[in-house]
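A.B. asks: Based on what follows, work out the 3D shape:
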Amino acid sequence: GGVPVGESGGKRRVTAADVARSLGISRATVGYVLNNTPGQTISAATRERVLSEAARRGYRPRVAAQALASGRSRIILLVLPDWPLEFSLQLALDETAAALDQAGYSLVTYTRHSGGRSRPLWELLDPDVVIGFGMADGVDEFSPEEVASMQATGVTKIVPDPRLPDAASPYASAEPVVAGSRLQVEHLHGLGHQRLAIAESPDPRHALLAVSRSQAARQAAEHLGLQVVDACPVDHRDGSADRAVRAWRESGVTGVVAFNDSVAASALGAAVRAGISVPDDLAVIGHDDTPWAAVFVPSISSIRFDAAGLGRHLAAVALHEADGRPITEQLSDFEVTVVARESTGR
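C.D. replies: Numbers count the residues shown, from 1 in each chain. Below you'll find the predicted structure:
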């Protein structure tokens, strides 16, 4: 009655056949019970005997075999761009995983690295749905080679849908990418700033997102009649923050639009070390409203958006593709707001 032992002396996996032999009933009957096969006339007593014996012997189903039999793995594969896993993205992924788990699905993430040589996970996992967490407007969508690879391994549900011309992800439109950048500029304009600079991320993995945010900030500034004097990477580790602050002072910049809160902190630190008054002489606004933005000194004004809501929306899109569940929220429902703190003046 113990766990079967192979010829090598090591423990082997308990199978449905082992459960059937222990009870003296057919392998088919055990399979019907363990797989909850509909349309079978199996008594409640027999069903209870099978489930109790399976639990006693530590039976665990083979997920791959079940997926093959049912045609579903209940795995959602989320393909991420090669971005740093920072606060907002991690929060979104946590919410996605929790929502999918409540629906009986598992979230698996896979990061595509430029020049990477590993096999893509869609070739190994047989996921029900593959979703790309790229940006909108065709940026970082799946290549024709990737789509062909997915289809060759039996993946039929792909987001964005490659069958649609100029398909964009239903959960990652351009608006959330640029709305915060516009608000940063509008906030500084409302405080009277006329000459702005853009503090960009020094991380090359942010390049595509940084371009979109910088373009949106420039367009917003032009619309309001403001000047964007400078745009440069800002990093506290290589002296670029100190150089940027000196250049801004010389060119009359009084307001800085930062790519995120980390970049804003680098700029603020350099300003404080240079004896520049914040926010009277230089105001800086970040993006993402990370938890430490409120405790940094000076506290960092930032852009807050509903990263958790984005994660739940992503799960809703996945479940819609997987089994047709309705999508109840759209990205336009998620509010993007300015949180004003000391770095721009309350």
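
A.B. asks: Would you tell me what the next helix or strand after the one helix or strand residue 20 maps to is?
C.D. replies: Taking DSSP states H and E as the definition, one finds residue 20 inside helix 16-23. As assigned by DSSP H and E, the chain's next helix or strand after helix 16-23 is helix 27-34.

A.B. asks: now for that next one, which elements pack on it?
C.D. replies: Other elements packing on helix 27-34 under the criterion 3 or more Cβ pairs under 8 Å, 6 or more residues apart in numbering; DSSP states H and E are helix 16-23, helix 44-56. From N, CA and C alone the C-beta is placed, and that goes for glycine too.

A.B. asks: Quick check: which of these is buried the most?
C.D. replies: Compared across these, helix 16-23 shows the largest average neighbour count, a mean of 18 (mean count of other Cβ atoms under 10 Å).

A.B. asks: quick one: terminal-to-terminal distance for stretch 243-258?
C.D. replies: Using Cα to Cα, to the nearest Å, the end-to-end distance of stretch 243-258 comes to 15 Å.

A.B. asks: To clarify, my last question referred to stretch 36-49.
C.D. replies: Counting by Cα to Cα, the length from the leading to the trailing residue of stretch 36-49 is 14 Å.

A.B. asks: and that stretch, how far from the chain's centre?
C.D. replies: Mean C-alpha position of stretch 36-49 versus that of the full chain (Cα atoms, centre = their mean, to the nearest Å) differs by 42 Å.

A.B. asks: so where is the stretch 101-250 of the chain shaky, pLDDT-wise?
C.D. replies: Counting by pLDDT under 70, the low-confidence segments of the stretch 101-250 of the chain come to 115-116, 134-140, 165-177.

A.B. asks: try 80
C.D. replies: Scanning the stretch 101-250 of the chain for pLDDT under 80 picks out the ranges 113-117, 134-141, 161-177.

A.B. asks: Now do the helix holding residue 20, average pLDDT.
C.D. replies: Mean pLDDT, taken over the full extent of helix 16-23, equals 89.

A.B. asks: So what angle separates the directions of it and helix 27-34?
C.D. replies: Angular relation of helix 16-23 and helix 27-34 on a 0 to 180 degree scale: 110 degrees, by axes from the mean of the first three to the mean of the last three Cα atoms, to 10 degrees.

A.B. asks: between helix 16-23 and helix 44-56, how big is the angle?
C.D. replies: Following the same axes, to 10 degrees, one obtains 120 degrees for the angle between helix 16-23 and helix 44-56.

A.B. asks: what's helix 16-23 packed up against?
C.D. replies: helix 27-34, helix 44-56.

A.B. asks: Show me how far that helix is from its chain's centre.
C.D. replies: 44 Å.

A.B. asks: Give me the residues contacting that helix.
C.D. replies: 1, 4, 26-27, 29-31, 34, 49-50, 53-54, 57, 59 (Cβ atoms under 8 Å, 6 or more residues apart in numbering).

A.B. asks: hmm, try it at 6 Å
C.D. replies: 4, 27, 30, 31, 34, 49, 53, 54, 59 (Cβ atoms under 6 Å, 6 or more residues apart in numbering).

A.B. asks: Now do the domain split for this protein, please.
C.D. replies: Under automatic domain parsing, the residue ranges defining each domain of the chain are 16-61, 72-172+310-331, 174-305.

A.B. asks: what's near enough to touch residue 234?
C.D. replies: By Cβ under 6 Å, 6+ apart, the contact set of residue 234 is 199, 240, 241, 244, 263, 266, 267.

A.B. asks: what residues are up against residue 338?
C.D. replies: 183, 187.

A.B. asks: Shouldn't it be within a strand?
C.D. replies: Yes - with DSSP: H, G, I helix; E, B strand; the rest coil as the criterion, residue 338 is part of a strand.

A.B. asks: For residue 152, which of the helices and strands packed on helix 27-34 is the nearest?
C.D. replies: helix 16-23 (31.5 Å; Cβ to Cβ).

A.B. asks: mind listing the strands for the stretch 51-200 of the chain?
C.D. replies: Applying DSSP state E, counting those that start in this stretch to the stretch 51-200 of the chain gives strands spanning 75-80, 106-111, 129-132, 158-159, 195-200.
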